[in-house]
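Trainee: Next one to model:
(2 chains)
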Amino acid sequence: MRPTFSIIAFTVLSGIGYGAWFLFGLGAAIGPACSAGGLSGPSGATLTSCHAPFDSFAALLVASACVAVGLLCSLGHLGKPQRAWRAVSQWRTSWLSREGAIALLTFVPAAVLVVRYGLALQSPTDGVAVTELHRWNDASWDETGNRLLGGLVALGSLATVFCTANIYASLKPIRAWHERHVVPAYLLLGLYGGTLLLHATTTLSGATWHRDRLVLLVGTIALAAGCGWIKLRYWRSIDAQSSIAAGQATGLETLGVVRAFEAPHTEENYLLHEMGFMLARKHARALRRIALVAAFAVPALLAAVALALPAVQVAIAWLALASGLAGLFVERWLFFAEAKHAVTAYYRR
Amino acid sequence: MTALPPPSAKKLGLVIDLDTCVGCHACAVACKEWNDGGQFGPLPDEDPYGTQPHGVWFNRVHSYAVEQATQGGTRELTVHFPRSCLHCETPACVTVCPTGASYKRAEDGIVLVDADRCIGCQLCAWACPYGAREFSMERGTMQKCTLCVDRIYNETLDQADRQPACVMACPTRARHFGDLGDAQSPVSKLVAERGGYALMPEYDYQPVNRYLPPRPRRDGCADAGAKPAPEEALDAAQLPGVLRWLDRVLSR
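Mentor: Model (predicted):
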């Protein structure tokens, strides 16, 4: 299948965006952990400091931008993008429609969270600079509401990526996609990318929550290993797949050995252009190695270094994200380029 | 709606005879011409006389060489293979469509594209293993064989002309149109008689169109790869004197 930039950008960007949203929402749903602050309020009373895991307004905003940009990129693949609003109507039968509907629905709790956080950050806190959401003995802090919104964002993110993966996994004519590793890999890669994104963007707010950083660093290493393992198993599985022969496609195999003698047209048509994309085996191998190294090995190594040397954490977070993104783009490019469509059996490809 | 309608009794479709098809492409050209001007058109060709012409055609005719085992060795059959939409009973191209533009008619089972709703996401083309759907870059929507739904019910045409353009154009009567849901219809009887088959049934899309396989060839005909004709043995003793001398001279 021909890899197109619009679809690759869509799945990678929205994937990491949803991964970060998932973590953020999960943290908000788990709810804040509070401790007696060490800060005094105006009347001398001690203020409690509470924050939820993975809490960072900067991360929430950047993740939202990734999701939005990703979804907009997907419009670039359409012949008639102005009619894209129609695409949510067939959610009963179409995974693409379900994905669109759930993606749009997930924007609602996410937007409410963004507004609430934005407003809370602006409310007066006695001159103390606030970069995270801390509840300073504030009775108006709607803990239950935020937990619920966070939970909805997490669930919606998970459901959206699940639908995206199933768009590909449900296509029987493309054996490399109709394969059991595809859906788990999409989910895991989204979570992994989200971890990298979250870790990097939290450094923007200068937050000092060491406990979350530890979780994110260890999580990066664990998820990198998990993703690398699942991609290797997937590649081994698709390498073992046989392609459909012309005899099987035409039903003439009972007569003898069938080979394509003359093509139906001298020029390339839509089918050959979209689905006749061929990637040389040696190029595929080289690109697979590049993907594994850039997407998983480098960020994992960097995370290990950051565990040992906390001083370089900020730089490492951004380097890991950059490498991870590059590697994920290559991985997604390969996902398309290595997939063969059944219709190529009719042609000599 | 892209939910599939309940199965209809009437299953209109085509039967394509791979035995009599000679690969003349008349069906492909007739289809292109009718649909370029018809209700589902136009079918624009970009750069038609230039270096990279491209355009949507609903019907593509492939040619295959089949190496068949014979008594003496092998023979090569040339089989011409027109490929177009099979109007499946449970097509994935209909259920994957996110807008409802791809639909199957409840009354006769014809699968169509509503060009006013199609957003050109091309997922239906990905879902079809037979390559029935092509994306038109010029129009921004998907296009496919309509089973000439604008001909077969068209009251302004004579009854005899209410058939798909490809069926009428075929000079060797390799294409037949009819109701494959009716066991007594001429096409169904033809399928039963010739052992017509569906393409790639393992996908479970239940194609309605049927292909009739090439009939068995007789052994001993002028086949490429068959044993060469035996050398003629010339009995020189039977020849008159002059010719016997000539044979001796020429055989030196």
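Trainee: quick one: whichever residue of chain B sits closest to chain A from residue B:138, how far?
Mentor: Closest approach of chain B to chain A (Cβ to the nearest Cβ) occurs at residue B:120, with a separation of 2.0 Å. Every C-beta, even on glycine, is put in place using the N, C-alpha and C of the backbone. Spatial separation of residue B:120 from residue B:138 under the definition Cβ to Cβ, to the nearest Å is 11 Å.
Trainee: Give me the more crowded residue out of these two.
Mentor: Taking other Cβ atoms under 10 Å in any protein chain shown, residue B:120 and residue B:138 do not tie; residue B:120 has more neighbours (23 against 14).
Trainee: How about the residue of chain B closest to chain A, nearest residue that isn't a chain neighbour?
Mentor: Closest residue to residue B:120 apart from its sequence neighbours, by Cβ to Cβ, 6 or more residues apart in numbering or on different chains: residue A:79 at 2.0 Å.
Trainee: and what of residue A:94?
Mentor: residue B:98 (4.6 Å).
Trainee: Could you double-check that the one you found lies in contact with residue A:85?
Mentor: No: between residue B:98 and residue A:85 there is no contact under Cβ atoms under 8 Å: 10.7 Å.
Trainee: higher neighbour count, the two?
Mentor: Neighbour tally, residue B:98 and residue A:85, criterion other Cβ under 10 Å: the higher count belongs to residue B:98, 28 against 12.
Trainee: So what does that one have for phi and psi?
Mentor: phi -80, psi -10 (degrees, to the nearest 10).
Trainee: and residue A:146, that's in a strand?
Mentor: No: according to DSSP: H, G, I helix; E, B strand; the rest coil, residue A:146 belongs to no strand; its state is helix.
Trainee: Please identify the helix or strand for the closest residue to it other than its chain neighbours.
Mentor: Nearest residue to residue A:146, sequence neighbours excluded (Cβ to Cβ, 6+ apart): residue A:28, at 5.5 Å. Using DSSP states H and E, residue A:28 sits within helix A:5-30.
Trainee: confidence score at residue A:136?
Mentor: Per-residue pLDDT puts residue A:136 at 41.
Trainee: what about residue B:79, which SS state?
Mentor: Applying three-state DSSP: residue B:79 is strand.
Trainee: next SSE after the helix or strand harbouring residue A:221?
Mentor: Here residue A:221 is covered by helix A:210-239, with elements defined by DSSP H and E. Moving toward the C-terminus from helix A:210-239, the first helix or strand encountered (DSSP H and E) is helix A:246-250.
Trainee: Any part of that following helix near chain B?
Mentor: Yes: with Cβ under 8 Å from any Cβ of the partner chain as the criterion, chain B is reached by helix A:246-250 at A:246, A:248, A:249, A:250.
Trainee: What of stretch A:5-18?
Mentor: No: using Cβ under 8 Å from any Cβ, stretch A:5-18 stays clear of chain B, coming no nearer than 10.1 Å.
Trainee: What's the mean pLDDT across that stretch?
Mentor: Stretch A:5-18 comes out at a mean pLDDT of 95.
Trainee: And stretch B:12-29, by the same measure?
Mentor: 97.
Trainee: And it, end to end?
Mentor: End-to-end distance for stretch B:12-29: 22 Å, by Cα to Cα, to the nearest Å.
Trainee: And for stretch B:49-65?
Mentor: By Cα to Cα, the extent of stretch B:49-65 from end to end equals 30 Å.
Trainee: Flag the shaky bits of chain A, pLDDT-wise.
Mentor: A:33-51, A:123-142, A:205-211, A:349 (pLDDT under 70).
Trainee: let's see it at 80
Mentor: Within chain A, the stretches with pLDDT under 80 are A:31-53, A:55, A:119-143, A:204-212, A:349.
Trainee: where do the strands sit along it?
Mentor: A:33-40, A:46-51, A:257-262 (DSSP state E).
Trainee: burial of residue A:5, as a residue count?
Mentor: That count, for residue A:5 with other Cβ under 10 Å as the rule, works out to 12.
Trainee: What separation is there between it and chain B?
Mentor: 15 Å (Cβ to the nearest Cβ, to the nearest Å).
Trainee: With only the CA atoms kept, save the helix or strand of chain B with the lowest mean pLDDT in PDB.
Mentor: In chain B, no helix or strand scores lower on mean pLDDT, DSSP states H and E than helix B:241-250, which sits at a mean of 84. C-alpha atoms of helix B:241-250 as PDB (Å, rounded to 0.1, in the frame of the first residue of the first chain):
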ATOM      1  CA  GLY B 241      12.900 -44.100 -62.000                       C
ATOM      2  CA  VAL B 242      13.600 -40.300 -62.500                       C
ATOM      3  CA  LEU B 243      12.300 -39.400 -59.000                       C
ATOM      4  CA  ARG B 244      14.300 -42.300 -57.500                       C
ATOM      5  CA  TRP B 245      17.400 -40.800 -59.100                       C
ATOM      6  CA  LEU B 246      16.500 -37.400 -57.900                       C
ATOM      7  CA  ASP B 247      16.000 -38.600 -54.300                       C
ATOM      8  CA  ARG B 248      19.400 -40.300 -54.400                       C
ATOM      9  CA  VAL B 249      21.000 -37.100 -55.600                       C
ATOM     10  CA  LEU B 250      19.300 -34.900 -53.100                       C
END
